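Trainee: predicted coordinates and the sequence they were generated for:
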Amino acid sequence: MATLTPRHRWMVAQVVSSFKLAEYEPLVEALFRDQFAIKIDPFLKGTSSTQYLLFSYHAGTHPASPRADIPGKLICSVLAASSSQTVVTSCICAAEGVSDEAGSKYVYFLRTIPFGKSLNLSTPADAELAFGELPELPLQALHTALSGIFLPTVEHFDKADWKKCTDEQRNEFLACTRTLCKELGEAIDALAHGIQLKQPDPRFSLADIRMDYIAAAKNPDIVSHFEELLDDWCKEIERYLEASLDKGAAIADNGPRSELASGVSPKSRQSVFHTMRRCKQLDVAITEAFSEAKDNVKYLATLERFIDPLYSGNPASILESLSALMSAITMIHSISRYYNTTERMVSFFTKITKQACCYSSIHRVPENS
């Protein structure tokens with residue numbers, strides 16, 4: 001792009017004003033003229049993949065570079081400052097999507113005309129291109145706008161403002177809006193007062209683990225890492241539950257409505273209780289499986305010396321060992337907590353019979369020899 005049109009200059013002015021980059025306006029204009037041209041030109045002509053274009057600014061306050069996980073994201077440096085330890089870069093990003101990165105403010109431009117129709121570049125601003133900001137905390141901003149501005153304004157409308165809406169429609173609209181504000185506030189409260197559990201180490205890919213759980217279970221590094229991670233989760237959840245249960249009793253100056261709110265609104269606590277219940281069920285199942293394995297090893301180890309003749313003895317020694325083997329199995333059946341089921345006994349006797357018959361047949365002396 002050789003020169004900036006009035007439309008481009010208006011877009012530059014909005015980006016500079018929103019991110020407070022007045023002193024770097026010439027640099028931003030250069031970005032629009034050069035690097036960002038591959039994004040802006042198709043967008044203004046109506047040939048881009050979306051009807052909107054977003055810009056974000058990352059101030060160089062830490063060495064971490066902005067993430068490049070947004071679809072179609074283009075990162076361009078505005079200012080680079082070096083120190084003895086690192087190079088810190090401020091960047092403007094242009095993209096067709098929003099990242100889940102915390103603390104990111106966005107400026108958006110939205111086309112209001114159909115795809116394929118070009119905007120009038122000689123006009124700085126008109127209704128064909130809308131402009132706005134997405135704040136760093138969009139949910140909080142939306143809640144403030146709805147509950148602090150929109151709802152109070154609508155509640156004070158007189159009948160003339162409602163025009164053809166009936167009283168029933170008006171009441172229903174107000175009730176739905178109040179419910180939306182309440183649920184949005186609860187969601188914000190749940191996000192603000194919930195817990196952030198530690199994520200698994202990136203070295204251990206969950207996708208690879210899901211493909212072969214048996215191989216992952218044999219890897220001591222993976223097992224040790226996830227044991228420590230689960231222990232950390234349990235401690236975090238226990239601390240959160242203790243703090244949540246003590247919070248209501250600690251604040252005694254509030255009225256009775258605060259007690260109702262503390263028991264109803266925090267949905268995050270309810271989800272934690274549900275998760276804890278599932279963890280307890282899994283813990284019981286794991287403990288039961290461990291006890292069964294321990295019990296089986298304890299009793300089945302006593303059968304090893306009676307089973308060895310089935311693999312290495314002659315028919316006479318096999319016959320001699322069967323009596324002692326049956327006595328040991330009878331003892332296990334009467335004492336063992338887990339191995340005395342019909343299914344296990346039938347399976348075990350079937351294996352003994354097959355092995356005895358197979359080994360005896362192999363070592364049988366032919367009749368005509």
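Mentor: Yep, that arrived.
Trainee: name the helix or strand for residue 29, please.
Mentor: Assigned by DSSP states H and E, residue 29 falls within helix 25-33.
Trainee: ends of stretch 112-126, what's the gap?
Mentor: Stretch 112-126 has an end-to-end distance of 10 Å (CA to CA, to the nearest Å).
Trainee: which parts of it are buried?
Mentor: Buried residues in stretch 112-126, counting neighbours by 16 or more other CB atoms under 10 Å, are found at residue 119. In this view, the C-beta of every residue, glycine as well, is placed from N, C-alpha and C.
Trainee: immediately after the helix holding residue 29, which helix or strand?
Mentor: Going down the chain from helix 25-33, the next helix or strand is helix 37-45, by DSSP H and E.
Trainee: domain map for this protein?
Mentor: Following automatic domain parsing, one finds the domains of the chain at 6-136, 143-193, 195-265, 276-369.
Trainee: need the winner for burial among those domains.
Mentor: Highest mean neighbour count among those (mean count of other CB atoms under 10 Å): domain 6-136, with a mean of 15.
Trainee: tell me the SS of the residue most central in space within the chain?
Mentor: Nearest residue to the geometric centre of the chain (CA atoms, centre = their mean): residue 199, 9.3 Å. Counting by DSSP: H, G, I helix; E, B strand; the rest coil, the backbone at residue 199 sits in coil.
Trainee: now for the helix holding residue 29, which elements pack on it?
Mentor: If you count contacts as 3 or more CB pairs under 8 Å, 6 or more residues apart in numbering; DSSP states H and E, helix 25-33 packs onto helix 6-19, strand 74-82.
Trainee: and the residue nearest to the centre of the chain, how far is that from residue 283?
Mentor: For residue 199, the distance to residue 283 (CB to CB, to the nearest Å) stands at 22 Å.
Trainee: now swap in residue 130 and tell me
Mentor: Residue 130 is 54 Å from residue 283, where distance means CB to CB.
Trainee: do the same with residue 323
Mentor: From residue 323 across to residue 283, the span is 43 Å (CB to CB).
Trainee: over to residue 49?
Mentor: Between residue 49 and residue 283 the computed distance is 48 Å (CB to CB).
Trainee: do residue 92 as well
Mentor: 50 Å.
Trainee: in this protein, which spans are strands?
Mentor: Listed from the start of the chain, the chain has strands (DSSP state E) covering 52-58, 74-82, 87-95, 106-111, 129-134.
Trainee: and those, which one averages the lowest pLDDT?
Mentor: Ranked by mean pLDDT, these end with strand 74-82 at the bottom, a mean of 46.
Trainee: which residues touch residue 320?
Mentor: Applying CB atoms under 8 Å, 6 or more residues apart in numbering, we find residue 320 in contact with residue 309.
Trainee: also the one 5 residues further on?
Mentor: The neighbours of residue 325, taking CB under 8 Å, 6+ apart as the test, are 303, 306, 307, 352.
Trainee: pLDDT score for the second one?
Mentor: Just to be clear, that refers to residue 306. Predicted confidence (pLDDT) for residue 306: 84.
Trainee: that one is in contact with residue 317, isn't it?
Mentor: No: between residue 306 and residue 317 there is no contact under CB atoms under 8 Å: 10.9 Å.
Trainee: tell me where the model's unsure across the stretch 101-250 of the chain.
Mentor: In the predicted model, the stretch 101-250 of the chain carries pLDDT under 70 at residues 101-103, 193-194, 244-250.
Trainee: just the helices in it please.
Mentor: Assigned by DSSP state H, counting those that start in this stretch, the helices in the stretch 101-250 of the chain fall at 138-145, 151-155, 159-162, 167-193, 206-211, 213-217, 220-250.
Trainee: hey, what's residue 92 bridged with?
Mentor: residue 57, residue 76 (DSSP bridges).
Trainee: how close does the residue nearest to the centre of the chain sit to residue 30?
Mentor: Relative to residue 30, residue 199 is positioned 39 Å away (CB to CB).
Trainee: cool, and residue 343?
Mentor: Distance from residue 343 to residue 30, by CB to CB: 77 Å.
Trainee: and if you look at residue 226?
Mentor: Distance, residue 226 to residue 30, using CB to CB: 50 Å.
Trainee: likewise residue 198?
Mentor: Distance of residue 198 to residue 30, given as CB to CB: 43 Å.
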